[in-house]
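Engineer: Predicted model and sequence follow; I will ask about them next.
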Amino acid sequence: MTFEQRSMDDISFSDSPPLGDDELNALFDRSWPAHSRTSYQSVLAHSLAYIVARQGEQLVGFVNLATDGGIHAFLLDTTVLPEFRDRGIGTALIQRAIAAAEQRGMQWVHVDFDEKHDILYRRAGFQATLAGLVKLAPRVSPPAVQRAPAPAAFSTPVDLPASPFERLRATSLLFQCFLGAVAVMGLSRLVLGGTTPPTADSGMFALFYLGIGIVILMRARGAGLSAERLFGPAPNAATLRLTIVAIPLGMLAIAGFWLLFLPLSFIAPDFVRSWALANANRMPVHSLPVWAGQFCVAVLIAPVVEEVLFRGILMQRWARKWGTLTGVIVSSALFALGHVELLGHFVFGVAMCALYLRTRSLWVPIATHALNNFLASMVQLAGVISPEKEGPEMSLMMLRSQWWIGLLLLAGSLALLELYRRRFWSGIDLRVLLKGPVPYES
C-alpha cells in the first residue's frame, strides 16, 4: 500500500460538526499566505453545510456550502493543509459536499476556481461553464464576516430544452443504425458479386460499423450535436494512465463467461451450446491476413463507433431522460447484449461510462476499449503464429471441467481492480460520479 493510501485511511470526514474559530484560522493561516484572523461562526451558522477532514484530532481539510435559499448551492473555501495535498482529500471533500447538497434538496452546485484547479474540480464531476466575477473594493466588516452570494452568472442554468439529445431519440437511432448497417453490407455484396475472400468476415464487420457510423454522423449533424463537446478534451498523460483498467476488465469478461454459462449449462444446455459455445468457437483465425483484418476492425474501428454510440449518445440521451445513473445502467446493459458474454461486458460498459464522466473526454473510454481489444487480438495472434498449440473447440464438458480457470480469472481481475481503485480512484466516490452531470450538458 502506498503512502497515499495509508494517509487516506487515517482521514475521517464529517458533515457540519462543531467547529471553532481557532481551528479554522489555524488551517487557513497555513494554507493561505494572505489570511488574517476572522470569526467564522456566523458564516457556518448560515451555511447549507460544511465538510471537515481530520487526521485524528487535527483539522486537515475544509469546504463550505452556501445557498441562495432555493435550489442552488455554492462551493466555497476548499482547503487542505499543504502537507496533506495530492492524496485525494480535496476530491473527497468536494464529493461529500456535493452529496450533502443533494441530500438537502439542491439541484445545482456551483463553484468558481482558477485554471490551476481545473483537474481537481473536473475529477469531482464539475463542468466548465461561462461565468463572470467582479472583485469589489474591501470595506470594514462587522465582527462576523458576511459573505455575499455568488454572482448571478454562476447560478444561470443551461438551456436544457435546446439540447440535441431531445432530437436524438434512442429507439429510432438504433433502428436506423441497424438499417444502415444492413444496407451498406448488402450493397457491398452486390458490388462484389457475392464473392467471399478469406478476409470477408472482417470486411463485413468493417462495413457493418461503417453503416452505423454513417447513420450516427447524419443524425448527429441533423440534431446539431457538437463533436467538440461530445468528444471533450484530448487525453493527457494522467488520463491515459486510467486506460490500464482494460487489463482487469478483459480478465473479468473471460471469467464472466464461466460465471454465467457454467450454471446455465445444467439448466439450459441446448441454449449454451447454440449461443455461448457456438459463438466462442466461430471465426477461427488461421492466417495473418485474416488476423490483420480482424485486428483493424477490433482495435481501430469498433472502439470509436461503439463508444460514440453507447457512451457518447445513448448514455447521455437516457441520462437526460431518466437521470445519469439509469442512463449508465441501461446503455451498459444494451452494450452487453451486443456481445456473447454479458456480465463482464456490462461491467465494462459501466467502467467506460465512469471514465467518460470522470475525465469528460470520450477519447479516454475509446482508448481503453481499443487497448482491451488489442490485448485480446495479441492472444489470438499466438494461435496464428503457433497453430499446433491451438486447443480443441469449447464443449459443454470442457466448460464444466475448466471451472477453475474462470475462478482464477475472477480472483485475479478483482484483485487488480482493487489495486487500480487505490492507485487511481482513491478519494473519488463512484456513486456520486455516476449520478453527476453528463459531459455534454454544460
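Structural biologist: Right, received. Where do you want to start?

Engineer: Quick check: what element follows the helix or strand of the chain with the lowest mean pLDDT along the chain?
Structural biologist: Within the chain, no helix or strand scores below helix 3-9, which has a mean of 52 by mean pLDDT, DSSP states H and E. Going down the chain from helix 3-9, the next helix or strand is strand 11-15, by DSSP states H and E.

Engineer: From the contact counts, what lies against the helix or strand just after that following strand?
Structural biologist: Sequence order places helix 21-31 as the next helix or strand after strand 11-15, per DSSP H and E. Judged by 3 or more CB pairs under 8 Å, 6 or more residues apart in numbering; DSSP states H and E, the packing partners of helix 21-31 are strand 58-67, strand 72-80. Just so you know, the C-beta spots here come from the backbone N, C-alpha and C atoms, and that holds for glycine as well.

Engineer: tell me what the shortest one is packed against?
Structural biologist: Pointing back at strand 72-80 there. With contacts defined as 3+ CB pairs under 8 Å, 6+ apart, the packing partners of strand 72-80 are helix 21-31, strand 58-67, helix 89-103, strand 108-111.

Engineer: Repeat the analysis, applying 6 Å as the threshold.
Structural biologist: strand 58-67, helix 89-103, strand 108-111 (3 or more CB pairs under 6 Å, 6 or more residues apart in numbering; DSSP states H and E).

Engineer: Using a markdown table, lay out those together with mean neighbour count and distance to residue 259.
Structural biologist: A markdown table is the format used below for the helices and strands packed on strand 72-80 (neighbours: other CB atoms under 10 Å; distance: least, CB to CB, whole Å):
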| stretch | mean neighbour count | distance to residue 259 |
| --- | --- | --- |
| strand 58-67 | 22 | 40 |
| helix 89-103 | 22 | 31 |
| strand 108-111 | 21 | 39 |
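
Engineer: Take the ones you listed and lay them out in TSV including distance to residue 225 and mean pLDDT.
Structural biologist: Converted to TSV, these look like this (distance: least, CB to CB, whole Å; pLDDT from 0 to 100):
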stretch	distance to residue 225	mean pLDDT
strand 58-67	34	92
helix 89-103	27	89
strand 108-111	24	89
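
Engineer: and residue 80, what does it touch?
Structural biologist: 61, 89, 90 (CB atoms under 6 Å, 6 or more residues apart in numbering).

Engineer: Who is it paired with across the strands?
Structural biologist: residue 61 (DSSP bridges).

Engineer: so how far is residue 28 from it?
Structural biologist: From residue 80 over to residue 28 the distance is 11 Å, taken as CB to CB, to the nearest Å.

Engineer: likewise residue 361?
Structural biologist: 34 Å.

Engineer: from the contacts of residue 80, which is closest to residue 110?
Structural biologist: Among the contacts of residue 80, residue 90 lies closest to residue 110 (CB to CB), at 17.4 Å.

Engineer: Excluding chain neighbours, what is closest to that closest one?
Structural biologist: Leaving aside its sequence neighbours, residue 90 sits nearest to residue 80 (CB to CB, 6 or more residues apart in numbering; 4.9 Å).

Engineer: Can you show me the helices along the stretch 301-442 of the chain?
Structural biologist: 302-306, 316-322, 324-337, 343-359, 363-385, 396-401, 403-424, 430-433 (DSSP state H, counting those that start in this stretch).

Engineer: next one: the stretch 101-250 of the chain
Structural biologist: Under DSSP H, counting those that start in this stretch, the stretch 101-250 of the chain gives helices at 118-123, 170-192, 200-223, 227-231, 237-240, 246-267.

Engineer: out of these, which comes closest to residue 334?
Structural biologist: helix 170-192 (8.2 Å).

Engineer: Could you list every helix and strand in contact with that closest one?
Structural biologist: By 3+ CB pairs under 6 Å, 6+ apart, helix 170-192 packs against helix 200-223.

Engineer: Might you list the low-confidence residue ranges for the stretch 251-400 of the chain?
Structural biologist: The stretch 251-400 of the chain contains residues with pLDDT under 70 at 280-286, 386-393.

Engineer: Mind doing that once more with 90?
Structural biologist: 256-262, 264-265, 268-294, 320-323, 338-343, 360, 376-400 (pLDDT under 90).

Engineer: Geometric centre of the chain: which residue is closest?
Structural biologist: In the chain, the C-alpha nearest the mean C-alpha coordinate belongs to residue 354, at 1.6 Å (CA atoms, centre = their mean).

Engineer: distance of it from residue 37?
Structural biologist: Residue 354 is 43 Å from residue 37, where distance means CB to CB.

Engineer: circling back: I'd like the helices and strands packed on helix 21-31 as TSV, with distance to residue 383 appended.
Structural biologist: Below are the helices and strands packed on helix 21-31 laid out as TSV (distance: least, CB to CB, whole Å):
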stretch	distance to residue 383
strand 58-67	53
strand 72-80	52
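
Engineer: Look up how far residue 28 lies from residue 117.
Structural biologist: 17 Å.

Engineer: How about stretch 180-194, which residues are buried there?
Structural biologist: 180, 181, 184, 185, 188 (16 or more other CB atoms under 10 Å).

Engineer: Quickly check those for the two that are furthest apart.
Structural biologist: Using CB to CB, these span at most 12.7 Å, a distance reached by 180 and 188.

Engineer: still on that earlier bit, output the contacts of residue 80 in CSV, with distance to residue 103 appended to each entry.
Structural biologist: As requested, the contacts of residue 80 are arranged in CSV below (distance: CB to CB, whole Å):
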residue, distance to residue 103
61, 20
89, 21
90, 21
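
Engineer: Check those residues against residue 100 and report the nearest one.
Structural biologist: residue 61 (14.5 Å).

Engineer: The closest one touches residue 53, doesn't it?
Structural biologist: Yes. Counting by CB atoms under 6 Å, residue 61 does reach residue 53; the two are 3.3 Å apart.

Engineer: which residues do these two both contact?
Structural biologist: Joint contacts of residue 61 and residue 53 (CB under 6 Å, 6+ apart) are 89, 93.

Engineer: thinking again about what came up before, using pLDDT, spot the least trustworthy of the buried residues of stretch 180-194.
Structural biologist: Among the buried residues of stretch 180-194, residue 188 has the lowest pLDDT, at 81.
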